[in-house]
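A.B. asks: have a look at this fold, sequence not included:
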């Protein structure tokens, strides 16, 4: 991963976390998955897996919602990120 891709990766993490923190009454809008899928397609399966896990765990940590559901949801998101590659 080059420097530009790394910056895009970090910007995507920030976008997903900030968008998820914003109180919005839009149902079924999942910013983590919406950003995970393009990253996985462009950067590969491992990048998709890592992005999904980092985005979810960092959001849960910052918002004080760490729990067992973080593990289950993180594994599910990671599987989607890993499997998003053609």
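C.D. replies: Done, it's in. From a predicted model like this one, the values you see are computed outputs, not experimental measurements. Residues are numbered from 1 along each chain as shown.
A.B. asks: before we move on, which element is residue 14 in?
C.D. replies: According to DSSP states H and E, residue 14 maps onto helix 3-21.
A.B. asks: can you name the element that comes right after that helix?
C.D. replies: Past helix 3-21, the next helix or strand by DSSP H and E is helix 31-43.
A.B. asks: and that following helix, what's buried?
C.D. replies: 31, 32, 33, 35, 36, 37, 39, 40, 43 (16 or more other Cβ atoms under 10 Å). Where C-beta positions appear, they are placed from N, C-alpha and C, glycine not excepted.
A.B. asks: next one: stretch 22-32
C.D. replies: Buried-residue list, stretch 22-32, by 16+ other Cβ under 10 Å: 31, 32.
A.B. asks: tell me how far the residue positioned nearest the centre of the chain lies from residue 3.
C.D. replies: By Cα atoms, centre = their mean, the chain has its centre lying nearest to residue 52, at 3.3 Å. From residue 52 across to residue 3, the span is 22 Å (Cβ to Cβ, to the nearest Å).
A.B. asks: per-residue pLDDT, the closest residue to residue 58 other than its chain neighbours?
C.D. replies: Leaving out its chain neighbours, the residue that sits closest to residue 58 by Cβ to Cβ, 6 or more residues apart in numbering is residue 17, at 6.2 Å. At residue 17, the model reports a pLDDT of 83.
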